[in-house]
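Enquirer: This is a predicted model, with the sequence first.
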Amino acid sequence: MKLFNKIRLQTPESVELELTLAGIGNRAYALMVDYLYLTLIQLGIVFLWFFASIYLIGFIERLAGSGDRLQLWLIAILLFVLFVIYAGYFVFFEVLWQGQTPGKRRVNIRVIRDDGRPCGMQQASLRALLRPVDDLLLIGVGFIVFGKREKRLGDWVAGTLVIQEEQAIAEANFSLSQTAHSLADDLLEVGDLSLLTPDDFAIVREYLQRRNTLTSKAKVQVSRNLATQTKRAIALEKVPQKVTAEVFLEAVYIAYQEYASRYRQGR
């Protein structure tokens with residue numbers, strides 16, 4: 001089974017790293033948050049520029065009699081300033097926060113170089129300059145969805161990856177519903193837990209640990225896909241009605257631990 005798209009990197013120090021790629025859902029959510037902040041900043045600049053322009057044009061008209069040419073120059077300068085803020089926002093935060101923007105920090109994702117090193121000024125600048133192409137023409141979505149490394153055009157040019165921020169997670173620090181405990185008893189009887197490999201169990205556990213970092217839509221989709229694969233893995237013919245995919249996965253988690261405990265005790 002495959003839940004998260006992982007990648008192995010070899011660092012310059014010959015250390016092998018296994019990292020989890022961020023995924024289109026988390027990246028889109030982070031970008032929405034960043035664009036919200038960026039829009040507020042740019043609106044503030046526009047309002048300040050508008051009032052300053054009125055004062056300056058009025059002053060020039062009193063001196064020279066016409067401010068039409070100055071008005072065109074002010075508009076051109078404003079557009080340039082807005083673009084600098086647009087690109088500079090991402091460069092500033094990705095360099096200052098080592099690959100994170102406010103949006104990326106919110107969903108726990110980070111930009112790194114292809115060799116695992118932190119994102120620098122050059123990489124952040126290339127990503128920012130190519131962002132309009134990726135976002136406005138939706139080229140980046142295609143590259144991320146269909147590419148094995150989930151890179152947009154800016155990532156390919158800059159030599160970067162967007163990964164899920166690794167967090168130390170204690171064992172079973174997630175809540176399990178009472179319904180899942182009841183269902184787990186049934187799974188021990190009707191399912192063949194011996195067919196579930198330790199790797200399969202690790203994927204179920206990883207989903208339950210990380211599910212709160214996923215967007216609602218991604219959470220539903222991933223849980224359904226994983227529940228379907230897990231059902232096949234334990235040779236289960238059917239799941240009780242009115243049981244969500246998430247509760248089913250919780251039940252599998254509980255049932256497998258009970259099965260493993262019985263196996264170790266020689267029952």
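Expert: Received, thanks.

Enquirer: in this structure, which spans are helices?
Expert: 24-64, 68-96, 102-106, 121-136, 139-146, 153-158, 178-190, 198-210, 216-233, 245-264 (DSSP state H).

Enquirer: Looking at those helices, which is nearest to residue 165?
Expert: helix 102-106 (8.4 Å; CB to CB). Any C-beta I mention is one placed from the backbone N, CA and C, and that applies to glycine too.

Enquirer: who's in contact with the closest residue to residue 42 other than its chain neighbours?
Expert: Excluding the flanking residues, the one nearest residue 42 by CB to CB, 6 or more residues apart in numbering is residue 82, at 5.5 Å. By CB atoms under 8 Å, 6 or more residues apart in numbering, residue 82 lies in contact with 42, 45-46.

Enquirer: Pull out the buried residues from those residues.
Expert: Taking 16 or more other CB atoms under 10 Å as the criterion, what is buried in the contacts of residue 82 is residue 42.

Enquirer: Need the contacts of residue 82 in CSV (columns: pLDDT).
Expert: As requested, these are exported to CSV (pLDDT from 0 to 100):
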residue, pLDDT
42, 91
45, 90
46, 89
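
Enquirer: wait, which of the contacts of residue 82 is closest to residue 213?
Expert: residue 42 (28.9 Å).

Enquirer: Run through the residues that contact that closest one.
Expert: With CB under 8 Å, 6+ apart, residue 42 has these contacts: 82, 85-86.

Enquirer: Name the nearest of these relative to residue 22.
Expert: Nearest to residue 22 among the contacts of residue 42, with distances taken as CB to CB, is residue 86, at 21.4 Å.

Enquirer: Retrieve the pLDDT associated with that closest one.
Expert: The model reports residue 86 with a pLDDT of 91.

Enquirer: now the spatially closest residue to it that is not a sequence neighbour: how far from residue 85?
Expert: Among residues not flanking residue 86 along the chain, residue 38 sits closest, at 6.5 Å (CB to CB, 6+ apart). To residue 85, residue 38 is 7 Å away according to CB to CB, to the nearest Å.

Enquirer: Looking at the two now, which is surrounded by more residues?
Expert: More crowded of residue 38 and residue 85, by other CB atoms under 10 Å: residue 38, with 20 against 15.

Enquirer: Surely the more buried one and residue 87 touch.
Expert: No. Look at residue 38 against residue 87 with CB atoms under 8 Å: they stay out of range, at 10.3 Å.

Enquirer: Quick check: which ranges of the stretch 101-250 of the chain have low pLDDT?
Expert: Low-confidence segments of the stretch 101-250 of the chain (pLDDT under 70): 166-173, 199, 239-241.
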